[in-house]
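Trainee: Return a 3D structure for these sequence lines:
(one chain, ligands or ions: 1)
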Amino acid sequence: MAYIILNRDNFFNNLDIISKQTKSKDKIAIVLKDNAYGHGLFEMAEMSKEYGIKKAVVRSCDDAKKIEDFFDYILVLGEIPSSASKKVRYTINSLESIGNFPKRTLVELKVDSGMHRNGVLESELREAFVRIKKAGLILEGVFTHHRAADELTSEWFWQNENFKRVKEEAKALADEFGLSELRFHSANSASLFRCENFDEDMARVGIASYGCLEGNDELKPVLSLYAKKISTRELKKSQRVGYGGKFIAEKDSIVSNYDFGYGDGFLRCASNRYIAPNGERQVGTISMDNSSFIAQAGEILIFKDARVVAKQADTISYEVLTSLKSYIKREIV
Ligand SMILES: *Cc1c(COP(=O)(O)O)cnc(C)c1O
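Mentor: Numbering: from 1, shown residues only. Reported below is the predicted structural model:
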């Protein structure tokens, strides 16, 4: 079976670099949603704890439960719980949802500062505080998300300006409603690395910790993927390989089939053009459970930097990584 190797040194290298940027380990909230970007929720939670990370961000209540023992603080982005927790904080994504949280739930309010996806509008802040109080929820933080922190345009700047205003208003409202001091955060990986003097309460860091932040070569990819050979054959010039016979041998060649296909997370749109790190060329259409390469080794390194696959598949490393199925064996070295 194809398998994944997770490199602990690279992960810790990335966390060293990230903590320089946040100025403290305690301000890193490691984003572990979607099976830790395909790396493995348990594996990454365990290594994060070993490094001394105390905060994590996940999508679901179920994920939060699985990693509860590894962290002091967990933020759930996308679900409303059935009961309150002492450790887990839940995101309020809309005014209408506020009445659906159980009493005494620890919550953080997401504010739409320009992405126009989730979150309450700046004009709805007061109403949000009113409803939170009425519902008996415990508001601990206010946060936002950038729509284009990875693009060097003005958007990042005006969204920061918008959030700065939101912070002032939220602080005033917290005073008025007699709440304790709120936690504020807006940075994801790209945003954190654009800050010259990071001064928020925490940063929600995903892709940078996995070492695949575009334009940063100091961060090292944590995940690499290997596949094992199923069979080999000699192709005569002009014979074809795979579904639809999309690859035609230009000369006599040796082709082997390896046990990693689109069903396992190999993006099919990279078919017939992807070149593996050690030079093996992928030929023919990628199948569900396997794919062919001009190679004959018993095992090949399929990728060690998801950004390279992403380029070939015309997508982003996030999709390459989160496509990796959870049943693939993961080993930490
Ligand atoms: C996924 C996510 C992040 C992490 O983004 P990266 O670009 O991977 O650092 C941060 N905040 C929110 C709200 C997210 O959904």
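
Trainee: Every contact and neighbour count from this point should use C-alpha atoms.
Mentor: OK.

Trainee: So what touches the lengthiest helix in the chain?
Mentor: The longest helix of the chain (DSSP state H) is helix 155-176. Contacting residues not belonging to helix 155-176 are listed as 113-114, 122, 125-126, 129, 142, 144, 146-149, 180-182, 184, 186, 191 [C-alpha atoms under 8 Å, 6 or more residues apart in numbering].

Trainee: Inside helices: which ones of these?
Mentor: Those of the contacts of helix 155-176 lying in helices (DSSP H): 125-126, 129, 191.

Trainee: before we move on, the earlier item: name the residues of the longest helix of the chain that come out as buried.
Mentor: 155-156, 159-160, 162-163, 166-167, 170-171, 173-174 (16 or more other C-alpha atoms under 10 Å).

Trainee: So the nearest residue to Tyr274 once chain neighbours are set aside: helix, strand or coil?
Mentor: Excluding the flanking residues, the one nearest Tyr274 by C-alpha to C-alpha, 6 or more residues apart in numbering is Gln282, at 5.3 Å. Using DSSP: H, G, I helix; E, B strand; the rest coil, the structure places Gln282 in strand.

Trainee: How about the one 4 residues further on?
Mentor: Under three-state DSSP, the three-state class of Ile286 is coil.

Trainee: State the distance from it to Thr232.
Mentor: Going from Ile286 to Thr232 by C-alpha to C-alpha, to the nearest Å gives 16 Å.

Trainee: Just name the closest of the ones in helices among the contacts of helix 155-176 to Asp34, please.
Mentor: Within the ones in helices among the contacts of helix 155-176, the smallest distance to Asp34 is 20.6 Å, found for Ser191 (C-alpha to C-alpha).

Trainee: And for the closest one, the neighbour number?
Mentor: 21 (other C-alpha atoms under 10 Å).

Trainee: Please apply the same query to the one 5 residues further on.
Mentor: If you count neighbours by other C-alpha under 10 Å, Glu196 ends up with 8.

Trainee: can you pull out the strands in the stretch 151-300 of the chain?
Mentor: Secondary structure of the stretch 151-300 of the chain (DSSP state E, counting those that start in this stretch): strands at 183-185, 203-205, 223-235, 240-241, 247-248, 253-258, 282-283, 291-293, 299-303.
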